[in-house]
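Student: just coords:
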Ligand code: NAD
């Protein structure tokens, strides 16, 4: 039997339907992560040059807090919910039962290779599913460690990590899973969706794209600068929700540029590409891709590179043409194009004409501007007067819309994503209203009664 058949058999045994079983698995995952935390940070350093602090705050810590939150709430989330019924269902009892799908496939990317593998797995386990996880081959040290964490500590009929590249992912997708959770690029996401459609498998797609940031003339510039540079330089810009490009009101354009230069210097020193805490680009291909995006650009600050260590300094790019590749593809690196604007409508039009972003950031103190942008633009999620932090909480669902993805997770939303809500009406056999049965020879009075019954709740 292959892995999926073994897991299907285990799932059908009903073991994972027991919430206490799930709690034991999550507790043990929590403990194992704590034991392995040094090794996890080392693997993240090996794959991406992440400092210990960045590895802990953006990967290990987030996952531990997610597991704690899940453990505190899982019994409540998993409970069947009574719902009200209508007069048509008189004396019946309506219940919604969250049920696991079965065996879930999780495909994860390389940029937060630990967190983006474990986080969906925690939600899937909490909802009572079995999990097959395929981490990204581009972060091999973390993939190997994930394989150790799961394959040596959990029963493979319940949770299993399968390492490998694109071919392994493709062959997994050919099989009939009960749910697929994919995090990665939009083009690959499309292929995943096509393959899932062939097997009629429900899918969540957590994709990427270009996330805009807007700074208007009422924003507190020093704070905007710090938060934008922080969000852009986290993991050297290799963050799906990093601000991709920046529109700044012309009145504060110069001021913001100067403030951002100051922040880069303050965070990483004179030569950021030599700063040991500053992460590297994942591999030569992505390093070359990001370097080529700089070609023909007006570099306002930064631009230094270290080809040996695959590091690129945070770089501010002035007013690129909208037709330049840097404005057409997701940058996924530490380059920040900055464009001045005069009227907010120009910015709204620009964003509307492009694929729906995963995130949007607005810095303003003007509530009219806030309302206008929020009502005019569609995007997955975002922040007002901050960047990236919206994904750090358990109560804000995280996911894209349109080209940036479908479905969401984090906290209860993650539990719901991996659960099917089974609706059940338990009718009473004591009373059986004859009105619903044929023949439908209604008198006006009977019709009035039927209309009244149909329009009322229990
Ligand atoms: P990717 O799409 O290349 O790879 C993601 C996963 O899919 C990997 O496990 C990979 O092995 C597998 N894969 C690659 N090609 C495949 C194919 N043809 N068929 C089936 N599986 C395939 O993405 P990536 O380069 O690892 O990650 C970068 C992208 O992910 C960026 O676009 C980024 O914005 C996005 N991302 C999104 C989120 C989010 O939460 N929305 C988070 C991180 C990254």
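Tutor: Here it is on my side, so go on. Just so it is clear, the structure is predicted and the values come from calculations on it, not from any experiment.
Student: Could you see whether the ligand lies near stretch 99-113?
Tutor: Yes - under the criterion of C-beta under 6 Å from any ligand atom, the ligand is reached by stretch 99-113 at 107-111. In short, each C-beta sits where N, CA and C put it, glycine included.
Student: ok, now stretch 203-216?
Tutor: Yes - contact of stretch 203-216 with the ligand (C-beta under 6 Å from any ligand atom) involves 206-208.
Student: Could you list the low-confidence segments of this protein?
Tutor: 457-458 (pLDDT under 70).
Student: for the residue in it that the ligand sits nearest to, what are its contacts?
Tutor: In the chain, no residue comes nearer to the ligand than residue 208, which is 1.9 Å away by C-beta to the nearest ligand atom. Residues in contact with residue 208 (C-beta atoms under 8 Å, 6 or more residues apart in numbering) are 184-186, 240, 330, 332, 358, 404.
Student: and the longest helix anywhere in the chain, what other elements does it pack with?
Tutor: With DSSP state H setting the assignment, residue counts place helix 19-48 as the longest helix in the chain. Contacts defined by 3 or more C-beta pairs under 8 Å, 6 or more residues apart in numbering; DSSP states H and E place helix 19-48 against helix 52-55, helix 61-78, helix 115-126, helix 140-151.
Student: Throw the ones you listed into CSV and include mean neighbour count, thanks.
Tutor: What follows is those, written out as CSV (neighbours: other C-beta atoms under 10 Å):
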stretch, mean neighbour count
helix 52-55, 18
helix 61-78, 17
helix 115-126, 27
helix 140-151, 20
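Student: Residue 105 - that's part of a helix, no?
Tutor: No - counting by DSSP: H, G, I helix; E, B strand; the rest coil, residue 105 is not part of a helix but strand.
Student: That one - how many residues pack around it?
Tutor: By other C-beta atoms under 10 Å, 25 other residues sit near residue 105.
Student: try residue 442
Tutor: Residue 442 has 12 neighbours, counted by other C-beta under 10 Å.
Student: Contacts only, for it.
Tutor: residue 450.
Student: Checking it next. Helix, strand or coil?
Tutor: Quick answer, by three-state DSSP: residue 442 is coil.
Student: what's the domain layout of this protein?
Tutor: Domains of the chain are assigned by automatic domain parsing as 3-207+407-420, 211-399.
Student: Residue 456 and residue 87 touch, don't they?
Tutor: Yes - at 4.3 Å, residue 456 counts as touching residue 87 under the criterion of C-beta atoms under 8 Å.
Student: more crowded one of these two?
Tutor: residue 87 (14 against 11).
Student: what are the phi and psi angles of the more buried one?
Tutor: Note on residue 87: backbone dihedrals following degrees, to the nearest 10 are phi -60, psi -30.
Student: pretty sure it is in contact with residue 453, am I right?
Tutor: Yes - the criterion here is C-beta under 8 Å, and residue 87 meets it with residue 453 at 4.3 Å.
Student: part of a helix, is residue 247?
Tutor: No - looking at residue 247 with three-state DSSP, it is strand, so not inside a helix.
Student: you'd agree it is up against residue 219?
Tutor: No - at 11.7 Å, residue 247 does not count as touching residue 219 under the criterion of C-beta under 8 Å.
Student: show me what contacts the closest residue to residue 272 other than its chain neighbours?
Tutor: Closest residue to residue 272 apart from its sequence neighbours, by C-beta to C-beta, 6 or more residues apart in numbering: residue 313 at 4.3 Å. Contact analysis of residue 313 by C-beta under 8 Å, 6+ apart lists 264, 268, 271-273, 302-305, 334.
Student: Would you list the buried entries among the residues you listed?
Tutor: 264, 268, 272-273, 302-303, 305, 334 (16 or more other C-beta atoms under 10 Å).
Student: So which of those residues would count as near the ligand as well?
Tutor: Residues shared between these and the neighbourhood of the ligand: none [C-beta under 6 Å from any ligand atom].
Student: Would you point out the most distant pair within these?
Tutor: Farthest apart among the buried ones among the contacts of residue 313 by C-beta to C-beta are 264 and 305. That separation is 14.8 Å.
Student: Now the terminal residues of stretch 106-117, how far apart.
Tutor: By C-alpha to C-alpha, to the nearest Å, the extent of stretch 106-117 from end to end equals 7 Å.
Student: Which of the three states applies to the residue of the chain closest to the ligand?
Tutor: coil.
Student: so what's it closest to, chain neighbours aside?
Tutor: The shortest distance from residue 208 to any non-neighbouring residue, by C-beta to C-beta, 6+ apart, is to residue 240 (4.7 Å).
Student: Quickly note the distance from that neighbour to residue 48.
Tutor: Note on residue 240: its distance to residue 48, by C-beta to C-beta, to the nearest Å, is 14 Å.
Student: Comparing those two, which residue is more hemmed in?
Tutor: Ranked by neighbour count (other C-beta under 10 Å), residue 240 and residue 48 place residue 240 first, with 29 against 26.
Student: which residues does that one contact?
Tutor: Contacts for residue 240 (C-beta under 8 Å, 6+ apart) come out as 109, 111, 183, 206-208, 358-359.
Student: Nearest to residue 118 among those?
Tutor: For the contacts of residue 240, the nearest to residue 118 is residue 183 (11.8 Å; C-beta to C-beta).
Student: Which residue is the nearest non-sequential neighbour of that closest one?
Tutor: Counting by C-beta to C-beta, 6+ apart, residue 183 lies nearest to residue 206, which is 4.1 Å off, once chain neighbours are set aside.
Student: What parts of the chain come near the ligand?
Tutor: So far as C-beta under 6 Å from any ligand atom goes, the chain lies against the ligand at 107-111, 116, 134, 136-137, 165-166, 169-170, 173, 183-185, 188, 191-192, 206-208, 240, 330, 332, 358, 400, 405.
Student: Out of the residues you listed, which end up buried?
Tutor: 107-111, 116, 134, 136, 169, 173, 183-185, 188, 191-192, 206-208, 240, 330, 332, 358, 400, 405.
Student: Please list the members of these that lie in strands.
Tutor: With DSSP state E as the criterion, strands contain 107, 134, 183, 206, 405 from among those.
Student: ok, the third one - contacts?
Tutor: Listed by C-beta under 8 Å, 6+ apart, the contact partners of residue 183 are 107-109, 116, 120, 206-207, 240.
Student: Taking the contacts of residue 208 together, which two end up most distant?
Tutor: 332 and 404 (13.5 Å).
Student: and residue 381, bridged to which residues?
Tutor: On the basis of DSSP bridges, residue 381 is bridged to residue 359.
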